[in-house]
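Novice: Please work out how this folds:
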Amino acid sequence: MEIALFADGETFKFIVEKMRCLQKSKVKFYLLCYLYFYATGENPELKDDKTYLFEVLKELSVDKNKEVKSLAEASLKELERSM
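Specialist: Residues are numbered from 1 along each chain as shown. As a prediction, this is how the structure comes out:
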């Protein structure tokens, strides 16, 4: 998660888009860990990307995998709290 501390908006979107293309549950889980980090507001440089983050989390919150779905929902709650 070290990259998450220093990523700018472009890098953030690049990583998310690459991971979104993959359908494996394990990749989605790691993607959600990455997104949760941002949803909690740990990287202040990404305040402008909250709308994008919300869209990605909303998409993942309807996933078939229960773990992915619950982590996406928890991330959405954190994001709403930080807005």
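Novice: For stretch 65-76, buried residues please.
Specialist: 68-69, 71-72, 75-76 (16 or more other C-beta atoms under 10 Å). To be clear about C-beta, it is placed using only N, CA and C from the backbone, and glycine gets the same treatment.
Novice: With respect to residue 32, which of these is nearest?
Specialist: Lowest distance from residue 32 to the buried residues of stretch 65-76 (C-beta to C-beta) belongs to residue 71, with 4.3 Å.
Novice: which residues touch the closest one?
Specialist: Applying C-beta atoms under 8 Å, 6 or more residues apart in numbering, we find residue 71 in contact with 29, 32-33, 36.
Novice: who wins for neighbours among these?
Specialist: residue 32 (25 neighbours; other C-beta atoms under 10 Å).
Novice: sec struct for that one, please.
Specialist: helix (DSSP: H, G, I helix; E, B strand; the rest coil).
Novice: Could you list which residues are in contact with the residue nearest in space to the middle of the chain?
Specialist: The chain has residue 35 as the residue nearest its centroid, 2.1 Å off, counting by C-alpha atoms, centre = their mean. With contact taken as C-beta under 8 Å, 6+ apart, residue 35 is in contact with 16, 53, 56-57, 60, 72, 75.
Novice: could you redo the last one with a cut-off of 10 Å?
Specialist: Counting by C-beta atoms under 10 Å, 6 or more residues apart in numbering, residue 35 makes contact with 4, 12, 15-16, 19, 53, 56-57, 60, 71-72, 75-76, 78-79.
Novice: Can you find the helix or strand of the chain with the lowest average pLDDT?
Specialist: Here the helix or strand of the chain ranked lowest by mean pLDDT, DSSP states H and E is helix 2-6, holding a mean of 58.
Novice: chain center to the helix or strand following that one: distance?
Specialist: Per DSSP states H and E, helix 2-6 leads on to helix 9-20 as the next helix or strand towards the C-terminus. Centroid separation for helix 9-20 versus its chain: 10 Å, with C-alpha atoms, centre = their mean, to the nearest Å.
Novice: Give the buried residues for helix 9-20.
Specialist: Buried residues in helix 9-20 (16+ other C-beta under 10 Å): 12-13, 15-16, 19.
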